[in-house]
Structure formats: C-alpha cells, structure tokens
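S.K.: After the sequence you'll find the predicted model.
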Amino acid sequence: METILAFLFVLSVLVFVHEFGHYWVAIRSGVKVEAFSIGFGPELFGWRDKRGTRWKVSALPLGGYVKMFGDMNPASVGQRDDLSDEDRKHAFHHKSLWARAAIVFAGPLANFIFAVIVFAVLFAVVGQQRALPVVGDVVAESPAAVAGLQSQDRIVAIDGQDIAWFDELSAIVRQKGGQSVTLSVTRNDQFIEIVATPELIVAGEGENAERFGRLGVSAGAFETQRDGPVEAIGKAFSSTYNLTAQTLGALGEMISGQRDSSELGGPIRIAQMSGEVAEGGLAPLLFFMGYLSISLGLINLMPVPVLDGGHLVFYAIEAIRGKPMGARAQEYGFRVGAGLIFSLIIFATWNDLAQLGVWNFFKGLVG
C-alpha cells in the first residue's frame, strides 16, 4: 500500500506541474481552458473555478491533460469548426503560431523548473553529506599503509596545498600516480608530515587507457554541508544540466546498442522505486521526483506526434511553409505517434515484469 501511495503522490505531482505549465501560459495568452485533469477516464471528483475551468481528478491516475477551448480532444488533435468570431478569440488553434508554441513548450519547461527548485531546496535546507579528509580504513599493503597512515588521521594539506574535503584529496592524488607527495597530518592533536607515493593505476588498454593515482584510504568522517541561496540555485542548475545530459547519453547508448535496453523501465518500475525511495525519507523522495521531472520533460520534447515535441515539430513546419500542415497529414502523424508511444509503454512494462521475475514464474508453472 505504501508503494502505491508513494507512486500516486510522485506521479500526480509531476503531472500537475507539467500540465500547470500548459495551463498558466494558455491563460496568459487569452486561451480558455475547459478542463484540467489529473488522470484519465471518468471523473472521481472536481470543481469549477471562476474562469470556467473544470479541475478534476479522474479514475486512471497514469497521466493528465489540459483541454483547451476549441480542441476536439485533450491531445489538441483536431479543432472545432463551429466557433463564432468571438469564440475564436479564446480558442487555442486560432492563436498565433508563437503563442501556440509557447503554450506547448511550457509543459516540459515547467518540469525542468520544478527540478531546479527541488534541487535548490535540498541543497539549501537539507544539505549534502560530504566526506571530510579524515582517514577511515587503510587498505593493507597500499601506499597509505606503507607510508604509515592510520585510521582517524586528518589530512589537512598535500604538498603544501590546504584541503578541507576528501574529494579534494582524491582529485590531487589521482594526478600524482607514481609521484611522491607530502601529506600534512594531524594525529592525536599532533602535527606530522608523511611522504607517500600513490600507486599508478592503468585502466583499459591502448590510447583510451586511463591512468590515475591511488593512495588506498577511505573517508572516515562526514559532515552535512548546506549551501547559501545563490550557491544552491547554481548547483541546482548544474545538477539539472548534468542529469539531462546523462539521460540523453543513456538513451543514445540504448538506441545505438551500446547499452542494454532492458534498463528502460515503465510504470511498474517507477512505482517500485517510488516505494523504495520513500522509505528513506522525504529528501530522497524529493530528489527522485526531481530526476523523474527531468525525464518527463525530456520525453515530452521527443519529436513524436501526440507528445509536445511532435506539436512543436508541426509548428516549425508551419513556420517554414507559412501555413499549417494538412489535416490528413497531421492525423496520420498522430496515429503513428500514438502507435510508437503505445509500443514503448508495452516494451517498458515487459521489462518491468521481466525484472520482477514474472515470466520466470510462469515458465516454472509450465515446466
């Protein structure tokens, strides 16, 4: 039950953020919004605001939509042709090309903004566990052991360069493989200097081989570091950029065959991970939501009809041609897009079931 509740909470928040992006820009562009739904299918409960928008929660909680005035359906596929001149002023399809593109792009953009906000709050309020340059375990017969480093030694400088964190120590040591370094250490309130030679490690072969130094110690103390507002926002943007690049890189590797496509997960795996992360507390759950929000934004920007990216491609073609694509061409495009999305969902769900061992269970019954 906790897993289901965590999954519904995560998905509902991310869907709300995405759809609110569409809604906010639409309202400010003069478009009437008929419905804002979390979920699909029959309405469970809802209310109507003063603008006439029906806010509702629907039975199938696997997405959501914002239905614009003048749309034939929630996916903005097709438009009504029975509108009066007054109605057209508030209809989505009768707005300028740039207004429509802004409304569509606002959904994925809201997901990225949400991720930045979540990460900034985590960096500023919760903070990050960061390793201090205090020796924990010393690997037997390692350069550290040979040099005489002991557990609980605090390394305050290396070759005269002051350090405050373990990762600073690691960065310097990696560059000093096979070279002697002088470690300034405090031990039992005494200051001593130790000379050590990090082991040169060669990973890989040929020109692509990676060479780095290794001392042979682990971190033995940690401290929670909270950033100021400006630094937290900067780190949040950096984290969002890095996660976006990593996600795109992983997707590219799957397409090229360099990475196993079985890593692609669907709703079942997201639900499972939501439950596991929620057990760790609010902070891990928020980070997970930030990561998923980035993924949701990227997925919706894919140039596939039905998704926001597909709409933007149609608008780009309209900008080049000077007029919209024909209704039949758009209809075929949306059918193909819907087929691709449906196939992707089936494939991801198949991976989820395989990971859970469902297919092996049925094979065991048959065998």
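M.R.: Cool, the structure landed.

S.K.: can you list the residues that contact stretch 294-302?
M.R.: With CB atoms under 8 Å, 6 or more residues apart in numbering as the test, stretch 294-302 has contacts from 14, 18, 107-112, 115, 240, 243-244, 247-248, 307-310, 312. C-beta coordinates here come from the backbone N, C-alpha and C atoms, glycine included.

S.K.: If any of those are buried, put those into a PyMOL selection.
M.R.: In PyMOL, a selection of the buried entries from the contacts of stretch 294-302 looks like this (16 or more other CB atoms under 10 Å):
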select buried, resi 14+18+107+108+109+110+111+112+115+240+243+244+247+307+308+309+310+312
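
S.K.: Next step: the contacts of stretch 294-302 restricted to helices.
M.R.: Counted as lying in helices by DSSP state H, out of the contacts of stretch 294-302, are 14, 18, 107-112, 115, 240, 243-244, 247-248, 308-310, 312.

S.K.: how much space between Gly216 and Gly136?
M.R.: 11 Å (CB to CB, to the nearest Å).

S.K.: which one of these two has more residues nearby?
M.R.: Set Gly216 next to Gly136 and count neighbours by other CB atoms under 10 Å: Gly216 wins out with 20 against 16.

S.K.: The more buried one contacts Ala144, correct?
M.R.: Yes. The criterion here is CB atoms under 8 Å, and Gly216 meets it with Ala144 at 4.3 Å.

S.K.: Which neighbours do those two have in common?
M.R.: Joint contacts of Gly216 and Ala144 (CB under 8 Å, 6+ apart) are Val138.

S.K.: quick one: the strands in the stretch 1-150 of the chain?
M.R.: For the stretch 1-150 of the chain, applying DSSP state E, counting those that start in this stretch gives strands covering 33-48, 54-68, 128-131, 135-138.

S.K.: What is the longest one packed up against?
M.R.: Looking back up the chat, that one is strand 33-48. Packing contacts for strand 33-48, counted by 3 or more CB pairs under 8 Å, 6 or more residues apart in numbering; DSSP states H and E, involve helix 2-28, strand 54-68.

S.K.: So which residues make contact with the shortest one?
M.R.: The one in question is strand 54-68. With CB under 8 Å, 6+ apart, strand 54-68 has contacts from 8, 11-12, 15-16, 18-19, 22-23, 26, 31-49, 73-76, 91-92, 103, 267.

S.K.: Please repeat the previous calculation with a cut-off of 7 Å.
M.R.: With contact meaning CB atoms under 7 Å, 6 or more residues apart in numbering, strand 54-68 is reached by 8, 11-12, 15, 19, 22-23, 26, 31, 33-49, 74, 76, 92, 267.

S.K.: same question, stretch 235-253
M.R.: Under CB under 7 Å, 6+ apart, the answer for stretch 235-253 is Phe112, Ala115, Val116, Phe119, Ala120, Phe123, Asp227, Arg259, Tyr291, Ile294, Ser295, Leu298.

S.K.: Make a markdown table from the residues you listed and add distance to Ala203 to it.
M.R.: What follows is the contacts of stretch 235-253, written out as a markdown table (distance: CB to CB, whole Å):
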| residue | distance to Ala203 |
| --- | --- |
| Phe112 | 35 |
| Ala115 | 33 |
| Val116 | 34 |
| Phe119 | 31 |
| Ala120 | 35 |
| Phe123 | 32 |
| Asp227 | 33 |
| Arg259 | 20 |
| Tyr291 | 28 |
| Ile294 | 30 |
| Ser295 | 30 |
| Leu298 | 31 |
